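Undergrad: Starting from these lines, generate the structure:
(one chain, ligands or ions: 2)
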Amino acid sequence: MTTATRPPIRLGVNIDHVATVRNARGGTHPDPVAAALLAVQAGADGITAHLREDRRHIRDADLKRLRTELSAPLNMEMAATDEMVALACALVPHACCIVPERREEVTTEGGLDVAGQLESLTPRVRALASKGIRVSLFIDPDPAQVEASVTAGAQVVELHTGAYAEGRVGELDRLRAAATQAHAAGLEVHAGHGLTFENVGPVAALPEIRELNIGHFLIGQAIFDGLPSVIEEMKRRIHQASRAAS
Ligand SMILES: CC(=O)[C@@H](O)[C@H](O)COP(=O)(O)O
Ligand SMILES: NCC(=O)COP(=O)(O)O
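TA: Numbering: from 1, shown residues only. Ligands and ions are numbered 1, 2, ... in the order given. Below you'll find the predicted structure:
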């Protein structure tokens, strides 16, 4: 893809961990919705919020407020359960990203096993899409999972960058191959998890990437630099890497 054909990569800011801090004291501060509005003012192209089944950070009421107060696209991350599909169909966010979830995990440890759950996932993808929701599947950069995502009827795949962020050898090559395969199959390609100022460049340089979703690092770094400043710096780094690679 050349500079002429490549649109700027969108930055989705994940605000889950504003809610983590709020929930630590059981009150209302800091407010994740206020953080989302500030993030958009600072240049975020969208907001991502993960409604975990155990509600450990984002809560149902946060999503409802985001849906009404936010002008930017809302990407709801959720597990592939009947409860979550019903909630999403009632809320109708711009996009839903289906992620794997385990109660005991500290964070999302791997991608969704789309190939192994095609029978149960496909009707859920269809139910969300029938409401006009853009459906994304959060997968490992694995050829079988990309292929299954097409079969499941997803419009988007988000490639899990956690193993890359941990420095696992060969992961950038796997991301590159999966992005190429997904794009060639007609899927829009997103990526995220564990991305930071230091490691975002090579992922942003992959020509098929259209959106990066970043949360934990941005919210943590905002303690030192302020949320607007970290969002501006992250966008600068993403666009610099993407331009340099075009
Ligand atoms: C799916 C994903 O990568 C994010 O939603 C991330 O998981 C949010 O943070 P936690 O994993 O800590 O809930
Ligand atoms: N889907 C990935 C995401 O939303 C953010 O992950 P992280 O930056 O909080 O690790």
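Undergrad: ok, residue 144 - contacts?
TA: residue 115 (CB atoms under 8 Å, 6 or more residues apart in numbering). Heads up, the C-betas are built off the backbone N, CA and C, glycines and all.
Undergrad: Send over the one helix or strand it maps to as PDB, restricted to the C-alpha atoms.
TA: Counting by DSSP states H and E, the element that carries residue 144 is helix 143-152. The C-alpha trace of helix 143-152 is given here as PDB (Å, rounded to 0.1, in the frame of the first residue of the first chain):
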ATOM      1  CA  PRO A 143      -3.500 -18.300   9.700                       C
ATOM      2  CA  ALA A 144      -6.300 -20.800  10.800                       C
ATOM      3  CA  GLN A 145      -7.900 -18.100  13.000                       C
ATOM      4  CA  VAL A 146      -7.800 -15.500  10.200                       C
ATOM      5  CA  GLU A 147      -9.500 -18.000   7.900                       C
ATOM      6  CA  ALA A 148     -12.100 -18.900  10.500                       C
ATOM      7  CA  SER A 149     -12.800 -15.200  11.100                       C
ATOM      8  CA  VAL A 150     -13.800 -14.900   7.500                       C
ATOM      9  CA  THR A 151     -16.000 -18.000   7.700                       C
ATOM     10  CA  ALA A 152     -17.700 -16.600  10.900                       C
END
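Undergrad: average pLDDT across that helix?
TA: Mean per-residue pLDDT for helix 143-152: 98.
Undergrad: C-terminal to that helix, what's the next element?
TA: Following helix 143-152 toward the C-terminus (DSSP H and E): strand 156-160.
Undergrad: neighbouring contacts of stretch 236-246?
TA: 1-3, 6, 8-9, 11, 197, 200-202, 204-207, 209, 212.
Undergrad: Restricted to strands, list these.
TA: Taking DSSP state E as the definition of strands, these contribute 11, 209, 212.
Undergrad: list the contacts for the first one?
TA: If I follow you right, that is residue 11. For residue 11, the contact set (CB under 8 Å, 6+ apart) comprises 43, 44, 45, 46, 211, 212, 214, 231, 234, 235, 238.
Undergrad: partner residues bridging it?
TA: Note on residue 11: beta-bridge partners by DSSP bridges are residue 212.
Undergrad: Enumerate the residues of the chain near ligand 2.
TA: The chain has residues 14, 48, 158, 192, 193, 194, 195, 213, 214, 215, 216, 217 near ligand 2, with proximity defined as CB under 6 Å from any ligand atom.
Undergrad: filter those residues by proximity to ligand 1?
TA: Among the residues of the chain next to ligand 2, ligand 1 is touched by 14, 193, 215 when using CB under 6 Å from any ligand atom.
Undergrad: Which residue would you name as the spatial centre of the chain?
TA: Centroid check for the chain by CA atoms, centre = their mean gives residue 213 as the closest residue, at 4.1 Å.
Undergrad: And the nearest residue to residue 36 once chain neighbours are set aside, its phi and psi?
TA: Spatial nearest neighbour of residue 36, chain neighbours left out: residue 47 (4.5 Å); criterion: CB to CB, 6 or more residues apart in numbering. Main-chain dihedrals, residue 47, degrees, to the nearest 10: phi -120, psi 130.
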